[in-house]
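Asks: okay, predicted coordinates and the sequence, questions at the end:
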Amino acid sequence: MQRLIFISCLFALAYWLLVDRDASVAIDAAGGYAYPSYTIETAKPYQMQARVLGRKDYSSGREAELSPVDLALGWGPMMDPQNLSEIEISQSGRFYFWQVKKFPIPRRAIEHNSANVHIVPANKRVARNLDQVERGDVLALSGQLINVSADDGWRWRTSLTFTDTGRGACELLWLEDLTVL
């Protein structure tokens with residue numbers, strides 16, 4: 001009986017590792033994800049070391065087909081736990097929000113050293129690593145900022161600068177490598 005349970009667990013694990021996470025995602029010949037319903041264009045290389053200020057998972061909506069996770073990331077003074085203890089972080093509706101009772105660093109330092117990043121995993125290894133990421137982790141990330149379109153006219157565009165705020169300021173990242181430091 002224990003042998004049967006063990007074998008069943010092995011099959012379940014193999015299924016989880018080998019089957020695509022979403023019907024709209026296919027595996028290309030090189031082992032990376034392909035999104036046949038979308039055209040993905042690279043816009044700019046991306047490399048960053050940052051602290052995870054927040055994480056929000058998404059499972060419904062068109063954007064979730066591509067990006068199941070948003071990470072609110074902070075770098076520079078926004079990596080410092082002392083500064084972060086004075087800043088309240090939240091995420092909702094594909095946006096990242098912050099508020100303070102008193103500023104531990106200037107407002108512009110908060111705005112220019114943090115961002116909400118929509119993560120599009122490039123392959124299963126990255127997707128598995130992404131599943132382990134938690135608030136407070138320090139990450140090394142690399143990939144490409146991307147723009148996405150569909151035949152019906154739908155578009156999702158990345159920001160190309162870290163100094164913008166508000167609607168359209170989020171980065172859309174084709175994540176090729178992720179390491180928790």
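Replies: Ah, there it is.
Asks: helices and strands around the helix or strand harbouring Tyr33, which ones?
Replies: Assessed by DSSP states H and E, Tyr33 sits inside strand 33-34. Contact analysis of strand 33-34 by 3 or more Cβ pairs under 8 Å, 6 or more residues apart in numbering; DSSP states H and E lists strand 26-27 as its packing neighbours. No exception for glycine: its C-beta is placed from N, CA and C like everyone else's.
Asks: what pLDDT, on average, does the strand it packs on get?
Replies: Computed over strand 26-27, the mean pLDDT rounds to 46.
Asks: mind listing what's buried in the helix or strand that comes right after the strand holding Tyr33?
Replies: The helix or strand immediately downstream of strand 33-34 is strand 39-57, counting by DSSP H and E. Across strand 39-57, burial judged by 16 or more other Cβ atoms under 10 Å covers Ile40, Ala43, Tyr46, Met48, Ala50, Arg51, Val52, Leu53, Gly54, Arg55, Lys56.
Asks: next helix or strand past strand 39-57?
Replies: Moving toward the C-terminus from strand 39-57, the next helix or strand (DSSP H and E) is helix 62-66.
Asks: after that following helix comes which helix or strand?
Replies: Sequence order places strand 69-74 as the next helix or strand after helix 62-66, per DSSP H and E.
Asks: just the CA trace of that next one, in CSV.
Replies: Extracted in CSV, the C-alpha atoms of strand 69-74 (Å, rounded to 0.1, in the frame of the first residue of the first chain):
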residue,chain,number,x,y,z
VAL,A,69,2.4,37.4,-10.5
ASP,A,70,3.2,41.1,-9.9
LEU,A,71,6.2,41.9,-7.7
ALA,A,72,6.5,45.3,-6.1
LEU,A,73,10.3,45.8,-6.1
GLY,A,74,12.5,48.3,-4.4
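Asks: can you give me the buried ones in it?
Replies: Buried residues in strand 69-74, counted by 16+ other Cβ under 10 Å: Val69, Asp70, Leu71, Ala72, Leu73, Gly74.
Asks: same question for stretch 158-166.
Replies: Residues of stretch 158-166 classed as buried: Thr158, Ser159, Phe162 (neighbour count, 16+ other Cβ under 10 Å).
Asks: now stretch 93-106
Replies: Within stretch 93-106, the residues scored as buried using 16+ other Cβ under 10 Å are Arg94, Tyr96, Trp98, Pro104, Ile105.
Asks: alpha carbons only: can I get stretch 113-123 in CSV?
Replies: Extracted as CSV, the C-alpha positions of stretch 113-123 are listed here (Å, rounded to 0.1, in the frame of the first residue of the first chain):
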residue,chain,number,x,y,z
ASN,A,113,13.5,53.4,-6.5
SER,A,114,10.4,51.2,-6.6
ALA,A,115,8.1,49.8,-9.2
ASN,A,116,5.3,47.3,-9.8
VAL,A,117,6.6,44.7,-12.2
HIS,A,118,4.3,42.3,-14.1
ILE,A,119,6.2,39.1,-14.4
VAL,A,120,6.0,36.9,-17.5
PRO,A,121,8.0,33.7,-16.8
ALA,A,122,10.1,32.7,-19.8
ASN,A,123,10.3,29.0,-18.8
